[in-house]
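>>> here are the coordinates; sequence isn't available:
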């Protein structure tokens, strides 16, 4: 338990340090180049990845904790939702610029969709294989049937990877929306499609993580589309925007906690909380180098750690040994997966260039 306190304390202190350090150069006057730059969004994704890992560790150990300590562990468990919100926003934001590079023709849009799906699935496959090796070293082994079933269902060993499935679904909804030339219709299709998919997940009885963050993707996409208008509004009314963000962040968090699993309130609360966090981070500029490096491997960190948490933090494992195993093996495996994926992509590009 002590290790969990030390790890989370290091995380919270690091984020606080970034905020304090960034506050020395607060950018109340935002520019097009600085606003949600690649460097900034990578740092945010890096922080989000660690927050999600902390929440999953907390979820695995909270049943063995009692007294005041339990409330601290439960608080850490809520960090995951915040991290996923930021992941989806960053995905929507980045995919706007990715789509801008393609022609408006239907074949080109479908080609873009295929590339996005292949990219995500490729990262998954690399992480799946390396994580399976680590779990084997740790004493867990899959049967051949389990191995095949997991890959076909896009599951990591021992865990369902709902994020991948929702992300691919949002890619498909985005592609369909782009078949319309009218921006209003695009908005109706993307926002409406995201909402309807969330509603279906809810009605089919899926856990809240499947549906509560889907609208963050659409917000990210349209924030990129209307980037200049957003910047002008934030610059023109920066006191109002900044003040509202500081006020709405704790209010939206409280709303989510009080009305847990209420469909509309969960979606609205998570979207408001995500926007508030990003606005505050944008003024402070969380351009931290280490967080940025973590952000470039955020998907690998996410995929690897969920299986490791399930195995090394199982009921008969001591918490300290389990948490240490998760942290060390996540770092090693995520780095290896990132390097392996980059090498594979570089080889494929080189092969295409020679052809």
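Sure, I can see it. Note that this is a predicted model, so its numbers are computed, not measured. Numbers count the residues shown, from 1 in each chain.
>>> From now on I want contacts and neighbour counts done on CA atoms only, so please keep to that.
Fine.
>>> Where does pLDDT dip in this structure?
Along the chain, segments meeting pLDDT under 70 span 22-29, 355.
>>> Disregarding flanking residues, what is the spatial nearest neighbour of the most centrally placed residue in it?
Centroid-nearest residue in the chain: residue 87, 2.7 Å away (criterion: C-alpha atoms, centre = their mean). Once flanking residues are discounted, residue 87 sits nearest to residue 45: 6.3 Å by C-alpha to C-alpha, 6 or more residues apart in numbering.
>>> Can you tell me how far that neighbour is from residue 330?
Here residue 45 is placed at a distance of 16 Å from residue 330 (C-alpha to C-alpha, to the nearest Å).
>>> Looking at the two now, which is surrounded by more residues?
residue 45 (28 against 25; other C-alpha atoms under 10 Å).
>>> mind checking how far the helix or strand harbouring that one is from the chain centre?
Element membership for residue 45, per DSSP states H and E: helix 38-61. Taking C-alpha atoms, centre = their mean, to the nearest Å, one finds the center of helix 38-61 at 8 Å from the center of the full chain.
>>> can you check stretch 345-355 too?
Centre to centre, stretch against its chain (C-alpha atoms, centre = their mean), the figure for stretch 345-355 is 29 Å.
>>> Okay, buried residues for the helix or strand just after the helix holding residue 45 please.
Proceeding N to C from helix 38-61, the next assigned helix or strand is helix 68-77, under DSSP H and E. For helix 68-77, burial by neighbour count (16 or more other C-alpha atoms under 10 Å) applies to 70, 73, 74, 76, 77.
>>> Tell me which residues are up against helix 68-77.
8, 54, 55, 56, 57, 58, 59, 62 (C-alpha atoms under 8 Å, 6 or more residues apart in numbering).
>>> what angle do that helix and helix 38-61 make?
140 degrees (axes from the mean of the first three to the mean of the last three C-alpha atoms, to 10 degrees).
>>> The helix or strand just after helix 68-77 to helix 38-61, inter-axis angle?
Per DSSP H and E, the first helix or strand lying C-terminal to helix 68-77 is helix 79-100. Per the same axes, to 10 degrees, the angle that helix 79-100 makes with helix 38-61 is 150 degrees.
>>> check contacts around the residue nearest to residue 87.
Neighbours of residue 45 in contact, by C-alpha under 8 Å, 6+ apart: 83, 86, 87, 90, 291, 292, 294, 295, 296, 298.
>>> So which elements touch the helix ranked longest in the chain?
In the chain, assigned by DSSP state H, the helix with the most residues is helix 319-354. With contacts taken as 3 or more C-alpha pairs under 8 Å, 6 or more residues apart in numbering; DSSP states H and E, helix 319-354 sits against helix 2-23, helix 106-137, helix 298-312.
>>> try it again with 10 Å
Secondary structure elements in contact with helix 319-354, counted by 3 or more C-alpha pairs under 10 Å, 6 or more residues apart in numbering; DSSP states H and E, are helix 2-23, helix 38-61, helix 106-137, helix 289-296, helix 298-312.
>>> Distance to residue 281 added to these, as a markdown table?
Output for those, formatted as a markdown table (distance: least, C-alpha to C-alpha, whole Å):
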| stretch | distance to residue 281 |
| --- | --- |
| helix 2-23 | 8 |
| helix 38-61 | 8 |
| helix 106-137 | 27 |
| helix 289-296 | 13 |
| helix 298-312 | 18 |
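>>> Could you check how many residues crowd around residue 319?
Residue 319: 21 neighbours (other C-alpha under 10 Å).
>>> ok, now how distant is it from residue 46?
25 Å.
>>> what do you get for residue 107?
34 Å.
>>> who has more neighbours, the two?
residue 46 (26 against 10).
>>> Is it correct that the more buried one is in contact with residue 300?
No. Using C-alpha atoms under 10 Å, residue 46 is not in contact with residue 300, being 11.1 Å away.
>>> anything in contact with each of these two?
When contacts are counted by C-alpha atoms under 10 Å, 6 or more residues apart in numbering, the set common to residue 46 and residue 300 consists of residue 294.
>>> hang on, residue 286 in a strand?
No. The assignment for residue 286 (DSSP: H, G, I helix; E, B strand; the rest coil) gives coil, which keeps it out of a strand.
>>> So it is in contact with residue 18, correct?
Yes. Using C-alpha under 10 Å, residue 286 is in contact with residue 18, at 6.2 Å.
>>> quick one: which of those two has more around it?
Set residue 286 next to residue 18 and count neighbours by other C-alpha under 10 Å: residue 286 wins out with 27 against 18.
>>> quick one, what contacts that one?
Contacts of residue 286 (C-alpha under 10 Å, 6+ apart): 15, 17-23, 39-44, 47, 278, 280, 292.
>>> same deal with residue 112?
So residue 112 contacts 98, 99, 101, 102, 103, 106, 118, 171, 175 (C-alpha under 10 Å, 6+ apart).
>>> need the contacts of residue 45 in TSV with distance to residue 180, can you?
TSV is the format used below for these (distance: C-alpha to C-alpha, whole Å):
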residue	distance to residue 180
83	31
86	27
87	26
90	23
291	37
292	35
294	36
295	33
296	32
298	32
